[in-house]
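Participant: When you get a sec, could you give me coordinates for this:
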Amino acid sequence: MQAYKLNATIDESGHLIIDEPLNIAPGKVEVIILQPTATTTTTPQQPKKRQYKVQALKDLLENAPPTPLDFDSDQAK
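Facilitator: Next up, the predicted model:
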């Protein structure tokens with residue numbers, strides 16, 4: 001499937017209006033709509049501290065290095 005990116009508008013009645021002509025072959029297409037959302041400027045919240053009943057578990061988990069972004073849990077099994 002070939003992808004095309006173009007600008008469009010949704011009017012008050014809910015119709016999709018494409019703002020530019022398309023140079024593609026006629027036929028059925030699949031449409032994915034991405035609508036920009038309002039960005040908020042909130043301050044990041046500090047994660048809540050967990051309560052641990054076992055001190056050794058608390059020390060282990062709080063001092064553990066962060067999980068790498070490319071970590072694959074299925075591969076680790």
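
Participant: and the residue nearest the centre of the chain, what element?
Facilitator: Computing the C-alpha centroid of the chain and ranking residues by CA atoms, centre = their mean puts Leu34 first, at 11.7 Å. Take DSSP states H and E as the rule and Leu34 turns out to sit in neither a helix nor a strand.

Participant: pLDDT below threshold where in this structure?
Facilitator: Under the criterion pLDDT under 70, the flagged ranges of the chain are 39-44, 46-47.

Participant: Strands along that one, start to end?
Facilitator: Ranges of strands in the chain, per DSSP state E, are 8-10, 16-18.

Participant: Nearest to Lys53, out of the ones you listed?
Facilitator: Nearest to Lys53, of all the strands of the chain, is strand 8-10, at 53.4 Å by CB to CB. Every residue, glycine included, has its C-beta placed from N, CA and C.

Participant: Given the closest one, what are its sheet partners and their directions?
Facilitator: Neighbouring strands of strand 8-10 in its sheet, by DSSP bridges, are strand 16-18 (antiparallel).

Participant: Go ahead and measure how far the partner strand is from the middle of the chain.
Facilitator: What separates the centre of strand 16-18 from the centre of its chain is 25 Å, taken as CA atoms, centre = their mean, to the nearest Å.
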